[in-house]
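Colleague: pasted the sequence and its predicted model underneath.
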Amino acid sequence: MIVGSIARRYAKALLSLGLEDQSQEALARQLDELAHTLGQSAELREALGNPIFPLSERKATMEALCTRLALTRIVRNFVMLLLERGRVLALPDIARELGVMVDAHAGRVRALVTSATPLGPDLEARLRVALEKRHGKKVLLEKLVDPTLIGGLVTEVGDVTCDGSIRYQMEALKAALLPAG
């Protein structure tokens, strides 16, 4: 079974728990924080994901981490289940899937906008309105600056990327003018 479908199954189960008491937003934030913490430490990933370490030690480490991050009982039980089933290293994928599901349930979508220079407030507002009109959902913008774009924007919403950068246009022009070879 592929990792994506496993992540979706676990995320869907956690989402259903969150929907029961309307805590899905908090669950997604906590799981994302835990995934971020794991992503920052190769030693922690090794300690939790390597079956050479006894399960009792891995559980104690995870419990200490959950306490330090002040995670709710639901999230603690969830990550302990992942640990017992040898799926704890899938946590970043599960957190990402859960975030997408929570956003979909709330009627919003996340967009990543990369520009050569920082977006001004007017352009950001116009872009947000255009994306909301296009997708029919509230748009949460994440902005990045990449001077190598030269100009223009690259917008990613879900699996769809729209590259309107000058760098892309120059590469396309170069490919059209120069013979392959």
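Modeller: Perfect, I can see it now.
Colleague: how's this protein carved up into domains?
Modeller: Structural domains assigned to the chain are 3-103, 108-177, following automatic domain parsing.
Colleague: pLDDT of the shortest one, averaged?
Modeller: Averaged over domain 108-177, pLDDT sits at 94.
Colleague: for the strand or helix carrying residue 63, packing partners?
Modeller: For residue 63, the host element (DSSP states H and E) is helix 55-68. When contacts are defined as 3 or more C-beta pairs under 8 Å, 6 or more residues apart in numbering; DSSP states H and E, helix 55-68 sits against helix 24-40, helix 42-49, helix 73-84. For the C-beta atoms, the positions are set from N, CA and C on the backbone; glycine is no exception.
Colleague: using PDB, list the CA coordinates for the longest one.
Modeller: Output of helix 24-40 as PDB, limited to C-alpha atoms (Å, rounded to 0.1, in the frame of the first residue of the first chain):
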ATOM      1  CA  GLN A  24     -10.700  19.400  14.100                       C
ATOM      2  CA  GLU A  25      -8.800  22.700  13.700                       C
ATOM      3  CA  ALA A  26      -7.000  22.200  17.000                       C
ATOM      4  CA  LEU A  27      -6.200  18.600  16.200                       C
ATOM      5  CA  ALA A  28      -4.700  19.600  12.800                       C
ATOM      6  CA  ARG A  29      -2.600  22.400  14.500                       C
ATOM      7  CA  GLN A  30      -1.300  20.000  17.100                       C
ATOM      8  CA  LEU A  31      -0.500  17.300  14.700                       C
ATOM      9  CA  ASP A  32       1.200  19.800  12.400                       C
ATOM     10  CA  GLU A  33       3.300  21.100  15.300                       C
ATOM     11  CA  LEU A  34       4.400  17.500  16.200                       C
ATOM     12  CA  ALA A  35       5.200  16.800  12.600                       C
ATOM     13  CA  HIS A  36       7.300  20.000  12.400                       C
ATOM     14  CA  THR A  37       9.100  19.000  15.600                       C
ATOM     15  CA  LEU A  38       9.900  15.600  14.200                       C
ATOM     16  CA  GLY A  39      11.100  17.200  11.000                       C
ATOM     17  CA  GLN A  40      13.600  19.300  12.800                       C
END
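Colleague: convert the host helix or strand of residue 133 to CSV, retaining C-alpha atoms only.
Modeller: For residue 133, the host element (DSSP H and E) is helix 121-135. Only the C-alpha atoms of helix 121-135 are listed here, as CSV (Å, rounded to 0.1, in the frame of the first residue of the first chain):
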residue,chain,number,x,y,z
PRO,A,121,-1.1,44.8,-0.1
ASP,A,122,-3.1,45.9,-3.2
LEU,A,123,-1.8,43.1,-5.4
GLU,A,124,-2.1,40.5,-2.6
ALA,A,125,-5.8,41.5,-2.1
ARG,A,126,-6.5,41.4,-5.9
LEU,A,127,-4.8,38.0,-6.2
ARG,A,128,-6.8,36.6,-3.2
VAL,A,129,-10.1,37.8,-4.7
ALA,A,130,-9.2,36.3,-8.1
LEU,A,131,-8.2,32.9,-6.5
GLU,A,132,-11.4,32.9,-4.3
LYS,A,133,-13.5,33.6,-7.4
ARG,A,134,-11.7,30.9,-9.4
HIS,A,135,-11.9,28.2,-6.7
